[in-house]
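S.K.: could you work out the structure for the sequence below:
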Amino acid sequence: MLYKLKSASIIGIDAHVVDVEVDITSRGLPRYCTVGLPDAAVKESKDRIRAALKNSGYNFPLKQITVNLAPADLKKEGSSFDLPITLGIIGAEGLIPQDGVSRYLISGELSLDGRIKPIKGALSIAICAKEMDMEGIILPEENAVEASVVEGVAVYGFRALPEVVEFLRGDIEKKPHTVDITSLMKGVDDYNEDFSEVKGQEHVKRAVEVAAAGGHNILMIGPPGSGKTMISRRIPTILPSMTFKESLESTKIYSIMGLLKDRALITNRPFRSPHHTLSDIAMVGGGQNPRPGEVSLAHNGVLFLDELPEFKRSVLEVLRQPLEDGFVTISRASRSITYPASFMLVSAMNPCPCGYLGDETKQCLCTPSQIQKYRNRISGPLLDRIDIHIEVPAVPYRELSSEYRGEPSSSIRSRVEAARKRQVERFRKDNIYSNSKMSVRHIHK
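M.R.: Modelled structure (predicted):
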């Protein structure tokens, strides 16, 4: 008997519908075969499915079982096909009626005892279901809140296989999961750092405010201990609050990477600070099974590169395209994948190898050739893409020891948001939101 369901596969950050077809016949020797370009995780699902069926009170049929995942030219990755394949086997045995099942997009990983484990990319699957005009989606209970932020599609979360079977047979009723978007967005601007903690450096704070208001990239140059890192880590606290659209964009990326943890939405602007030893693939994304890199994880937020000259030249050079275009395209023989990468680049470096060139209290020990070699590690084209270069001198002891607290982040953010509103109004017909996105035409205009 042939049984059909619908599931989804994640390609890039988007989900694509996959037709799951299960055919069971009594002719010939018992065997289990999966076709349709499955990866190792999908092929290994046979043993998980067998154990899950047995421990949930169902029999694994000793017959010829053929599982087809269509379209055949689309790579099927991950363990999220466990649940739809298992339901297909149960349905092909006549235990679940075919009518109505095709209205749902089904995805979930099974444990050996039949529990449904959380998956990656639930938000993308929910968006796909809405675009395909599906009635609803069936997902693990842990992913229900994340998927419920998409309006117009019913989300059903389940904890165990028997519960799903009873629901599809009509033996039990279950209300779709709902979520209050307003309450989820209340976590916006919940930060532990504040600009009032930064002593001195008023001109640097002003430069950072200008950069945040216009979405400009910024490079801070100064000796060790001058506050470059401290200031950089507080930049998200003065950026405008994320819109719901921006939250969805960032959440999709974090969801497919499995970085959401207990959050349903990314409500604070991302702040990524990778170590200088990372590879170019880790920076922009890619790999055998392409995944987003640091530039995409920083989408709608801040990418902070501390000790900029210490990064490998190849890593810095791959930043050119995302800084210019706001996205990254990963090309493979079979297809090309585009990841969003619109971020504010914040970088910091010492003025020389020892760090004390121009310092009033310590003498620089570097030769002119060492200084030139150190600065040449950063190419001219990359520096051209950094709009603001600011010197960050060491803070005098009297300022560090004073009890004076600087202006809080909330006050600075109010000015930044006011500036952004003016820019949005100015460019309302051009689909850009900040001065950093201006083209030559906008400048002349």
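
S.K.: neighbours of residue 246, how many?
M.R.: Neighbours of residue 246 under the rule other CB atoms under 10 Å: 18. Where you see a C-beta, it was placed from the backbone N, CA and C, and this is true even at glycine.

S.K.: distance from the strand or helix carrying it to the middle of the chain?
M.R.: Assessed by DSSP states H and E, residue 246 sits inside helix 244-256. Distance, stretch centre to chain centre, for helix 244-256: 6 Å (CA atoms, centre = their mean, to the nearest Å).

S.K.: give me the contact list for it.
M.R.: Contact with helix 244-256 is made by 10, 13, 120-124, 127, 146, 149, 181, 185, 242, 260, 264-267, 270, 291-292, 296-297, 299-301, 339-340, as judged by CB atoms under 8 Å, 6 or more residues apart in numbering.

S.K.: after it, next one along is what?
M.R.: With DSSP H and E, the next secondary element past helix 244-256 is strand 271-272.

S.K.: would you state the strands of the stretch 101-250 of the chain in chain order?
M.R.: For the stretch 101-250 of the chain, strands defined by DSSP state E, counting those that start in this stretch occupy the ranges 104-106, 109-110, 116-117, 136-140, 154-158, 218-221.

S.K.: can you spell out which helices and strands pack onto the third one?
M.R.: Strand 116-117 is packed against strand 109-110, with contacts defined by 3 or more CB pairs under 8 Å, 6 or more residues apart in numbering; DSSP states H and E.

S.K.: what helices or strands is the strand it packs on leaning on?
M.R.: Under the contact criterion of 3+ CB pairs under 8 Å, 6+ apart, strand 109-110 touches helix 45-55, helix 82-92, strand 116-117.

S.K.: burial count for the nearest residue to residue 167 once chain neighbours are set aside?
M.R.: Spatial nearest neighbour of residue 167, chain neighbours left out: residue 174 (5.5 Å); criterion: CB to CB, 6 or more residues apart in numbering. For residue 174, the neighbour count with other CB under 10 Å is 14.

S.K.: residue 157 versus residue 174, what's the distance?
M.R.: Applying CB to CB, to the nearest Å, the value for residue 174 to residue 157 is 9 Å.

S.K.: repeat for residue 210
M.R.: Look at residue 210 and residue 157: by CB to CB, they are 46 Å apart.

S.K.: of the two, who's got more company?
M.R.: residue 157 (24 against 17).

S.K.: what about the most centrally placed residue in the chain, distance to residue 124?
M.R.: Nearest to the geometric centre of the chain sits residue 253, at 2.2 Å (CA atoms, centre = their mean). Separation of residue 253 from residue 124 (CB to CB) stands at 10 Å.

S.K.: so what sits against both of the two?
M.R.: Shared contacts of residue 253 and residue 124 (CB under 8 Å, 6+ apart): residue 13.

S.K.: so, low pLDDT: which residues of the stretch 151-300 of the chain?
M.R.: Where the stretch 151-300 of the chain drops to pLDDT under 70, the residues are 187-189.

S.K.: then the stretch 301-445 of the chain?
M.R.: Checking the stretch 301-445 of the chain against pLDDT under 70 turns up nothing.

S.K.: need the helices for it, in chain order.
M.R.: Ranges of helices in the stretch 301-445 of the chain, per DSSP state H, counting those that start in this stretch, are 313-317, 320-325, 368-375, 380-384, 397-400, 409-426, 440-444.

S.K.: Throw the strands of the stretch 101-250 of the chain into CSV and include distance to residue 69, thanks.
M.R.: Formatted as CSV, the strands of the stretch 101-250 of the chain follow (distance: least, CB to CB, whole Å):
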stretch, distance to residue 69
strand 104-106, 13
strand 109-110, 16
strand 116-117, 19
strand 136-140, 17
strand 154-158, 22
strand 218-221, 47
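
S.K.: right, and those strands - which one's nearest residue 379?
M.R.: Nearest of these to residue 379, taken as CB to CB: strand 218-221 at 13.1 Å.

S.K.: for the closest one, packing partners?
M.R.: For strand 218-221, the packing partners by 3+ CB pairs under 8 Å, 6+ apart are helix 202-214, helix 228-233, strand 344-349, strand 388-391.

S.K.: I'd like the distance from the first one to the chain centre, please.
M.R.: Average the C-alpha atoms of helix 202-214, do the same for its chain, and the two points are 27 Å apart (CA atoms, centre = their mean).

S.K.: not counting it itself, show me its contacts.
M.R.: For helix 202-214, contacts defined as CB under 8 Å, 6+ apart pick out 195, 198, 216-218, 220, 227, 231, 235, 238-239, 344, 346, 387-388, 390, 392, 406-407, 412, 415-416, 419-420, 423, 434-436.

S.K.: next: stretch 360-378.
M.R.: 223, 308-309, 313, 316, 349, 351-354, 356-358, 393-394.

S.K.: measure it end to end?
M.R.: Stretch 360-378 has an end-to-end distance of 26 Å (criterion: CA to CA, to the nearest Å).

S.K.: list the buried residues of that stretch.
M.R.: Residues of stretch 360-378 classed as buried: 364, 366, 371, 374, 378 (neighbour count, 16 or more other CB atoms under 10 Å).

S.K.: swap in stretch 404-418?
M.R.: Judged by neighbour count using 16+ other CB under 10 Å, the buried positions of stretch 404-418 are 406-407, 409, 412-413, 416-417.

S.K.: distance of residue 215 from residue 425?
M.R.: Per CB to CB, residue 215 is found 15 Å from residue 425.

S.K.: neighbour-wise, which of those two wins?
M.R.: The neighbour comparison of residue 215 against residue 425 (other CB under 10 Å) goes to residue 215, with 20 against 8.

S.K.: how about the more buried one: what's its closest non-neighbour residue?
M.R.: Leaving aside its chain neighbours, residue 215 sits nearest to residue 434 (3.4 Å; criterion: CB to CB, 6+ apart).

S.K.: okay, now that neighbour: neighbour count?
M.R.: What residue 434 shows, counting by other CB under 10 Å, is a neighbour count of 20.

S.K.: relative to residue 268, how far out is it?
M.R.: For residue 434 relative to residue 268 (CB to CB), the value is 19 Å.

S.K.: cool, and residue 306?
M.R.: Distance, residue 306 to residue 268, using CB to CB: 20 Å.
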